[in-house]
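Q: next one to model:
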Amino acid sequence: MAVAAAEACVACGAAEVRPWRSVRTFDTRSERPVYALRRCARCGTATTEARGAAEAGRLHRGGAYARPRPAVDRALEPLRRLGDRTLLASLGEVGPGATVLELGSGDGRLLELLRARGCVVRGVEPFAEPLADEAVTRARLEDAELETESADLVVLWHVLEHLDDPAAAVARAAGALRPGGRLVVSVLSLDSLQARIGGERWFHLDVPRHAVHFTRPGLVALLGRCGLDVVRVGGLVVDQNLLGMTQTLLNRLTGERNVAFRALKGDRAGVPRRDLLLSALAAAPAALGGTLAEAAAVLSGRPGSLVVHAVRREA
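A: Got it, this is the predicted structure:
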(Lines give C-alpha, C1' and ligand atoms only; values in the text may rest on other atoms or scores of the structure.)
Protein backbone atom coordinates (compact mmCIF):
# COMPACT_ATOMS: atom_id res chain seq x y z
CA MET A 1 0.00 0.00 0.00
CA ALA A 2 1.34 3.43 -0.95
CA VAL A 3 2.08 5.83 1.92
CA ALA A 4 0.50 9.27 1.59
CA ALA A 5 2.93 12.15 1.27
CA ALA A 6 3.40 14.14 4.47
CA GLU A 7 1.67 17.50 4.61
CA ALA A 8 3.85 20.63 4.36
CA CYS A 9 4.00 22.87 7.43
CA VAL A 10 2.28 26.24 6.91
CA ALA A 11 5.09 27.88 8.90
CA CYS A 12 8.46 26.36 7.98
CA GLY A 13 7.37 24.45 4.87
CA ALA A 14 8.84 21.12 6.00
CA ALA A 15 6.91 18.02 4.94
CA GLU A 16 6.98 16.70 8.50
CA VAL A 17 3.45 17.38 9.77
CA ARG A 18 1.91 14.52 11.72
CA PRO A 19 -1.21 13.94 13.88
CA TRP A 20 -0.65 15.36 17.35
CA ARG A 21 -3.62 15.68 19.73
CA SER A 22 -7.35 16.38 19.95
CA VAL A 23 -8.66 19.50 21.70
CA ARG A 24 -12.16 20.20 22.96
CA THR A 25 -13.66 23.55 21.99
CA PHE A 26 -15.21 25.73 24.67
CA ASP A 27 -17.53 27.57 22.27
CA THR A 28 -20.90 25.82 22.15
CA ARG A 29 -21.55 27.35 18.72
CA SER A 30 -18.78 25.30 17.11
CA GLU A 31 -19.77 22.69 14.54
CA ARG A 32 -18.13 19.88 16.50
CA PRO A 33 -17.05 19.41 20.13
CA VAL A 34 -13.50 18.21 19.42
CA TYR A 35 -10.92 19.23 16.81
CA ALA A 36 -7.81 17.34 15.78
CA LEU A 37 -4.47 19.12 15.65
CA ARG A 38 -1.46 18.22 13.51
CA ARG A 39 2.07 19.34 14.41
CA CYS A 40 5.30 19.86 12.52
CA ALA A 41 8.16 17.72 13.78
CA ARG A 42 10.69 20.31 12.63
CA CYS A 43 9.46 23.69 13.95
CA GLY A 44 6.71 22.56 16.36
CA THR A 45 3.94 24.68 14.81
CA ALA A 46 0.49 23.03 14.92
CA THR A 47 -2.63 23.47 12.79
CA THR A 48 -6.31 22.89 13.48
CA GLU A 49 -7.86 20.33 11.15
CA ALA A 50 -11.26 20.40 9.45
CA ARG A 51 -12.39 23.86 10.45
CA GLY A 52 -14.83 25.38 8.00
CA ALA A 53 -14.37 28.89 6.63
CA ALA A 54 -17.99 29.81 7.35
CA GLU A 55 -17.70 28.44 10.88
CA ALA A 56 -14.52 30.38 11.58
CA GLY A 57 -16.12 33.61 10.38
CA ARG A 58 -19.25 33.06 12.45
CA LEU A 59 -17.27 32.42 15.64
CA HIS A 60 -15.54 35.80 15.37
CA ARG A 61 -18.84 37.45 16.23
CA GLY A 62 -20.30 37.12 19.71
CA GLY A 63 -19.33 34.47 22.25
CA ALA A 64 -15.71 34.88 23.29
CA TYR A 65 -15.42 37.88 20.96
CA ALA A 66 -18.46 39.71 22.31
CA ARG A 67 -18.12 42.92 24.29
CA PRO A 68 -18.51 42.36 28.04
CA ARG A 69 -21.41 43.86 29.91
CA PRO A 70 -21.00 47.65 30.42
CA ALA A 71 -19.98 47.42 34.08
CA VAL A 72 -17.39 44.74 33.32
CA ASP A 73 -16.24 46.67 30.27
CA ARG A 74 -15.51 49.73 32.40
CA ALA A 75 -13.65 47.63 34.97
CA LEU A 76 -11.42 46.16 32.25
CA GLU A 77 -10.54 49.51 30.70
CA PRO A 78 -7.41 50.07 32.87
CA LEU A 79 -6.04 46.72 31.67
CA ARG A 80 -6.76 47.72 28.07
CA ARG A 81 -4.91 51.00 28.55
CA LEU A 82 -1.94 49.13 29.98
CA GLY A 83 -2.12 46.86 26.96
CA ASP A 84 -2.21 49.92 24.69
CA ARG A 85 0.96 51.31 26.22
CA THR A 86 2.87 48.06 25.90
CA LEU A 87 1.59 47.57 22.34
CA LEU A 88 2.82 51.00 21.30
CA ALA A 89 6.15 50.31 22.97
CA SER A 90 6.35 46.98 21.14
CA LEU A 91 6.00 48.73 17.78
CA GLY A 92 9.21 50.67 18.35
CA GLU A 93 9.89 54.07 16.82
CA VAL A 94 6.91 55.32 14.81
CA GLY A 95 7.22 59.04 14.19
CA PRO A 96 4.63 61.62 13.06
CA GLY A 97 3.90 61.35 9.36
CA ALA A 98 4.73 57.65 9.18
CA THR A 99 2.30 55.57 7.13
CA VAL A 100 1.03 52.59 9.10
CA LEU A 101 -1.02 49.72 7.68
CA GLU A 102 -2.70 47.37 10.15
CA LEU A 103 -3.95 44.10 8.70
CA GLY A 104 -6.70 42.79 10.95
CA SER A 105 -7.40 46.11 12.66
CA GLY A 106 -10.25 44.87 14.87
CA ASP A 107 -12.14 47.73 16.50
CA GLY A 108 -9.59 50.28 15.27
CA ARG A 109 -8.17 51.03 18.70
CA LEU A 110 -4.52 50.88 17.60
CA LEU A 111 -5.21 52.99 14.51
CA GLU A 112 -6.76 55.69 16.72
CA LEU A 113 -3.71 55.69 19.01
CA LEU A 114 -1.34 56.04 16.05
CA ARG A 115 -3.50 58.69 14.39
CA ALA A 116 -3.29 60.73 17.61
CA ARG A 117 0.51 60.54 17.27
CA GLY A 118 0.34 62.07 13.81
CA CYS A 119 0.65 58.90 11.77
CA VAL A 120 -1.16 58.30 8.52
CA VAL A 121 -3.14 55.13 9.19
CA ARG A 122 -4.93 52.53 7.11
CA GLY A 123 -6.51 49.26 8.14
CA VAL A 124 -8.05 46.10 6.74
CA GLU A 125 -10.64 44.26 8.84
CA PRO A 126 -13.12 41.63 7.61
CA PHE A 127 -15.49 42.26 10.52
CA ALA A 128 -15.34 46.06 10.57
CA GLU A 129 -18.59 47.92 11.13
CA PRO A 130 -19.67 49.57 7.86
CA LEU A 131 -18.70 53.25 7.70
CA ALA A 132 -17.11 53.08 11.17
CA ASP A 133 -13.79 54.53 9.96
CA GLU A 134 -13.04 55.58 6.40
CA ALA A 135 -9.39 54.56 6.92
CA VAL A 136 -10.47 50.93 7.37
CA THR A 137 -11.31 48.70 4.42
CA ARG A 138 -13.86 46.01 5.21
CA ALA A 139 -12.40 42.97 3.44
CA ARG A 140 -10.69 39.67 4.01
CA LEU A 141 -6.91 39.97 4.06
CA GLU A 142 -6.80 37.60 1.10
CA ASP A 143 -9.03 39.92 -0.97
CA ALA A 144 -7.99 43.43 0.07
CA GLU A 145 -6.15 45.58 -2.47
CA LEU A 146 -2.84 46.67 -0.92
CA GLU A 147 -0.75 49.38 -2.56
CA THR A 148 2.78 48.15 -3.25
CA GLU A 149 5.61 49.79 -1.27
CA SER A 150 3.25 52.23 0.42
CA ALA A 151 3.75 51.69 4.17
CA ASP A 152 6.55 52.49 6.59
CA LEU A 153 5.13 50.00 9.08
CA VAL A 154 2.80 47.04 8.61
CA VAL A 155 1.25 45.48 11.73
CA LEU A 156 -0.22 41.99 12.07
CA TRP A 157 -1.23 41.91 15.74
CA HIS A 158 -2.68 38.54 16.75
CA VAL A 159 -3.99 37.92 13.27
CA LEU A 160 -1.87 35.17 11.70
CA GLU A 161 -3.15 32.49 14.08
CA HIS A 162 -6.63 32.98 12.58
CA LEU A 163 -5.59 32.36 8.97
CA ASP A 164 -5.43 29.02 7.17
CA ASP A 165 -2.72 30.40 4.85
CA PRO A 166 -0.56 32.78 6.93
CA ALA A 167 2.21 32.77 4.33
CA ALA A 168 -0.06 34.46 1.79
CA ALA A 169 -0.88 37.24 4.27
CA VAL A 170 2.77 37.78 5.22
CA ALA A 171 3.85 37.88 1.57
CA ARG A 172 1.21 40.53 0.82
CA ALA A 173 2.24 42.50 3.90
CA ALA A 174 5.89 42.39 2.82
CA GLY A 175 4.93 43.70 -0.61
CA ALA A 176 3.20 46.70 0.99
CA LEU A 177 6.40 47.78 2.79
CA ARG A 178 8.50 50.63 1.52
CA PRO A 179 12.27 50.06 1.32
CA GLY A 180 13.52 50.22 4.88
CA GLY A 181 10.02 49.69 6.31
CA ARG A 182 9.23 47.24 9.09
CA LEU A 183 6.75 44.46 9.65
CA VAL A 184 5.69 43.80 13.25
CA VAL A 185 3.93 40.50 13.93
CA SER A 186 2.53 39.22 17.20
CA VAL A 187 1.12 35.73 17.72
CA LEU A 188 0.42 33.43 20.65
CA SER A 189 3.24 31.01 21.39
CA LEU A 190 2.77 27.26 21.52
CA ASP A 191 6.21 26.83 23.09
CA SER A 192 5.35 29.22 25.95
CA LEU A 193 5.39 28.30 29.64
CA GLN A 194 1.62 28.78 29.87
CA ALA A 195 1.05 26.40 26.95
CA ARG A 196 3.20 23.82 28.72
CA ILE A 197 1.29 24.27 31.99
CA GLY A 198 -2.09 24.13 30.29
CA GLY A 199 -1.58 21.36 27.73
CA GLU A 200 -4.96 20.73 26.14
CA ARG A 201 -6.44 23.21 28.62
CA TRP A 202 -4.25 26.17 27.64
CA PHE A 203 -6.54 29.19 27.37
CA HIS A 204 -5.17 30.28 23.98
CA LEU A 205 -5.56 26.84 22.39
CA ASP A 206 -8.79 28.29 21.03
CA VAL A 207 -10.10 25.87 18.43
CA PRO A 208 -11.52 26.27 15.88
CA ARG A 209 -11.02 30.06 15.85
CA HIS A 210 -7.24 29.61 15.86
CA ALA A 211 -6.14 27.86 12.70
CA VAL A 212 -2.39 27.93 13.39
CA HIS A 213 -0.58 27.59 16.72
CA PHE A 214 2.88 29.06 16.19
CA THR A 215 6.21 28.44 17.84
CA ARG A 216 9.11 30.89 17.70
CA PRO A 217 11.08 28.78 15.19
CA GLY A 218 7.98 28.38 13.06
CA LEU A 219 7.18 32.10 12.93
CA VAL A 220 10.78 33.06 12.18
CA ALA A 221 10.90 30.46 9.41
CA LEU A 222 7.62 31.73 7.95
CA LEU A 223 8.90 35.30 7.76
CA GLY A 224 12.13 34.12 6.15
CA ARG A 225 10.22 32.14 3.52
CA CYS A 226 8.32 35.34 2.65
CA GLY A 227 11.47 37.38 1.97
CA LEU A 228 11.83 39.03 5.38
CA ASP A 229 14.80 39.21 7.73
CA VAL A 230 13.99 39.07 11.45
CA VAL A 231 15.75 41.83 13.39
CA ARG A 232 14.18 41.47 16.83
CA VAL A 233 12.08 39.00 18.82
CA GLY A 234 10.28 39.88 22.06
CA GLY A 235 7.25 38.76 23.98
CA LEU A 236 5.91 41.44 26.32
CA VAL A 237 2.18 41.56 25.46
CA VAL A 238 0.70 42.36 28.85
CA ASP A 239 -3.03 41.85 28.27
CA GLN A 240 -2.76 38.63 26.24
CA ASN A 241 -0.02 37.12 28.41
CA LEU A 242 -1.56 37.82 31.82
CA LEU A 243 -5.03 36.74 30.75
CA GLY A 244 -3.64 33.59 29.16
CA MET A 245 -1.58 32.53 32.16
CA THR A 246 -4.25 33.40 34.75
CA GLN A 247 -7.07 31.59 32.95
CA THR A 248 -4.81 28.62 32.21
CA LEU A 249 -4.09 28.23 35.93
CA LEU A 250 -7.82 28.40 36.66
CA ASN A 251 -8.44 25.77 33.98
CA ARG A 252 -6.41 23.30 36.06
CA LEU A 253 -9.07 23.60 38.79
CA THR A 254 -12.35 23.49 36.88
CA GLY A 255 -14.13 20.87 34.83
CA GLU A 256 -15.17 23.32 32.11
CA ARG A 257 -12.54 25.46 30.39
CA ASN A 258 -12.24 29.24 30.55
CA VAL A 259 -15.05 29.69 33.07
CA ALA A 260 -13.90 33.06 34.44
CA PHE A 261 -13.41 34.48 30.94
CA ARG A 262 -16.79 33.20 29.79
CA ALA A 263 -18.48 34.67 32.86
CA LEU A 264 -16.97 38.08 32.04
CA LYS A 265 -18.49 37.78 28.57
CA GLY A 266 -21.87 36.77 29.98
CA ASP A 267 -21.59 33.26 28.51
CA ARG A 268 -22.43 30.76 31.26
CA ALA A 269 -24.18 28.15 29.13
CA GLY A 270 -23.26 24.68 30.33
CA VAL A 271 -21.02 25.92 33.14
CA PRO A 272 -21.61 24.14 36.48
CA ARG A 273 -22.09 26.29 39.57
CA ARG A 274 -19.14 24.53 41.19
CA ASP A 275 -16.83 25.79 38.43
CA LEU A 276 -18.17 29.32 38.76
CA LEU A 277 -17.61 29.27 42.51
CA LEU A 278 -14.10 27.81 42.19
CA SER A 279 -13.19 30.41 39.59
CA ALA A 280 -14.49 33.26 41.74
CA LEU A 281 -12.61 32.06 44.83
CA ALA A 282 -9.37 31.35 42.98
CA ALA A 283 -9.36 34.38 40.65
CA ALA A 284 -7.21 36.66 42.83
CA PRO A 285 -4.59 34.00 43.73
CA ALA A 286 -4.47 32.87 40.09
CA ALA A 287 -3.98 36.45 38.90
CA LEU A 288 -1.10 36.96 41.33
CA GLY A 289 0.44 33.58 40.54
CA GLY A 290 -0.11 34.15 36.84
CA THR A 291 1.66 37.51 36.95
CA LEU A 292 4.70 36.00 38.68
CA ALA A 293 4.74 32.95 36.40
CA GLU A 294 4.47 35.04 33.23
CA ALA A 295 7.23 37.36 34.43
CA ALA A 296 9.44 34.31 34.87
CA ALA A 297 8.36 33.06 31.44
CA VAL A 298 9.36 36.34 29.77
CA LEU A 299 12.75 36.33 31.51
CA SER A 300 13.38 32.72 30.47
CA GLY A 301 12.40 33.32 26.84
CA ARG A 302 9.08 31.47 26.99
CA PRO A 303 6.43 34.23 27.04
CA GLY A 304 2.79 33.64 26.16
CA SER A 305 3.07 35.76 23.01
CA LEU A 306 5.78 36.53 20.47
CA VAL A 307 6.47 39.97 18.99
CA VAL A 308 8.72 39.83 15.93
CA HIS A 309 10.16 42.75 13.95
CA ALA A 310 11.29 42.07 10.40
CA VAL A 311 12.43 44.00 7.35
CA ARG A 312 12.05 43.12 3.71
CA ARG A 313 15.10 41.43 2.26
CA GLU A 314 16.86 43.38 -0.46
CA ALA A 315 16.60 41.79 -3.91
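Q: biggest strand in this protein, by residue count?
A: Secondary structure of the chain per DSSP state E: the longest strand is strand 177-188.
Q: contacts for the helix or strand containing Ala89, please.
A: Using DSSP states H and E, Ala89 falls within helix 70-91. Residues outside helix 70-91 that contact it (C-beta atoms under 8 Å, 6 or more residues apart in numbering): 67-68, 94, 109-110, 113-114, 153, 155, 157, 184, 186, 234, 236-240, 242, 264, 307. No exception for glycine: its C-beta is placed from N, CA and C like everyone else's.
Q: of the residues you listed, which belong to strands?
A: In this view, the contacts of helix 70-91 that belong to strands under DSSP E are 153, 155, 157, 184, 186, 234, 307.
Q: for the third one, give its distance to Arg302.
A: When C-beta to C-beta, to the nearest Å is applied, the distance between Trp157 and Arg302 equals 20 Å.
Q: more neighbours, the two?
A: Remark: of Trp157 and Arg302, Trp157 carries more neighbours, 22 against 18, as counted by other C-beta atoms under 10 Å.
Q: may I have the beta-bridge partners of that one?
A: Ser186 (DSSP bridges).
Q: quick one: the helix holding Ala89 to strand 177-188, angle?
A: 130 degrees (axes from the mean of the first three to the mean of the last three C-alpha atoms, to 10 degrees).
Q: tell me the average confidence for helix 70-91?
A: Across helix 70-91, the average pLDDT comes to 85.
Q: quick one: contacts of the next helix or strand after that helix?
A: Beyond helix 70-91 in the direction of the C-terminus, DSSP H and E gives the next helix or strand as strand 99-103. For strand 99-103, the surrounding residues in contact (C-beta under 8 Å, 6+ apart) are 94, 110-111, 114, 119-124, 141, 144, 146, 150-157, 159, 169, 172-173, 176, 178.
Q: on that earlier part again, flag whichever of the ones in strands among the contacts of helix 70-91 scores worst on pLDDT.
A: Least confident of the ones in strands among the contacts of helix 70-91 in the model: Gly234, at 93.
Q: tell me the spacing between it and Val220.
A: Gly234 sits 13 Å away from Val220, going by C-beta to C-beta.
Q: now the ones in strands among the contacts of helix 70-91: which count as buried?
A: Buried subset of the ones in strands among the contacts of helix 70-91 (neighbour count, 16 or more other C-beta atoms under 10 Å): 153, 155, 157, 184, 186, 234, 307.
Q: redo those residues as CSV? Include distance to Ala89.
A: Converted to CSV, these look like this (distance: C-beta to C-beta, whole Å):
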residue, distance to Ala89
Leu153, 14
Val155, 13
Trp157, 13
Val184, 11
Ser186, 12
Gly234, 10
Val307, 10
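Q: can you tell me which two in those are farthest apart?
A: For these, the farthest-apart pair by C-beta to C-beta is Leu153 and Gly234; their separation is 15.8 Å.
Q: thinking again about what came up before, so which of the buried ones among the ones in strands among the contacts of helix 70-91 would you say is closest to Thr246?
A: Taking C-beta to C-beta as the measure, Thr246 lies nearest Ser186 of those, at 18.9 Å.
Q: what sits against that closest one?
A: Taking C-beta under 8 Å, 6+ apart as the contact definition, Ser186 lies against 90, 156-158, 237, 240, 305-308.
Q: tell me the one of those residues nearest Val230?
A: Top of the list for closeness to Val230, among those and by C-beta to C-beta, is Val308 at 5.8 Å.
Q: number of nearby residues for that closest one?
A: Val308, neighbours per other C-beta under 10 Å, totals 23.
Q: shouldn't it be in contact with Ser189?
A: No - counting by C-beta atoms under 8 Å, Val308 does not reach Ser189; the two are 10.7 Å apart.
Q: how about the helices of the stretch 151-300 of the chain, start to end?
A: 166-175, 193-198, 216-225, 238-251, 259-264, 273-299 (DSSP state H, counting those that start in this stretch).
Q: which one of those helices lies nearest to Arg58?
A: helix 259-264 (17.6 Å).
Q: next one: stretch 153-163 to chain centre, how far?
A: In terms of C-alpha atoms, centre = their mean, to the nearest Å, the centre of stretch 153-163 is set 7 Å apart from its chain centre.
Q: let me fix that: stretch 108-127
A: 18 Å.
Q: end to end, how far does that stretch reach?
A: 11 Å (C-alpha to C-alpha, to the nearest Å).
Q: list the buried residues in it.
A: 108, 110-111, 113-114, 119-126.
Q: also stretch 218-230?
A: Judged by neighbour count (16+ other C-beta under 10 Å), stretch 218-230 contains these buried residues: 218-223, 226-228, 230.
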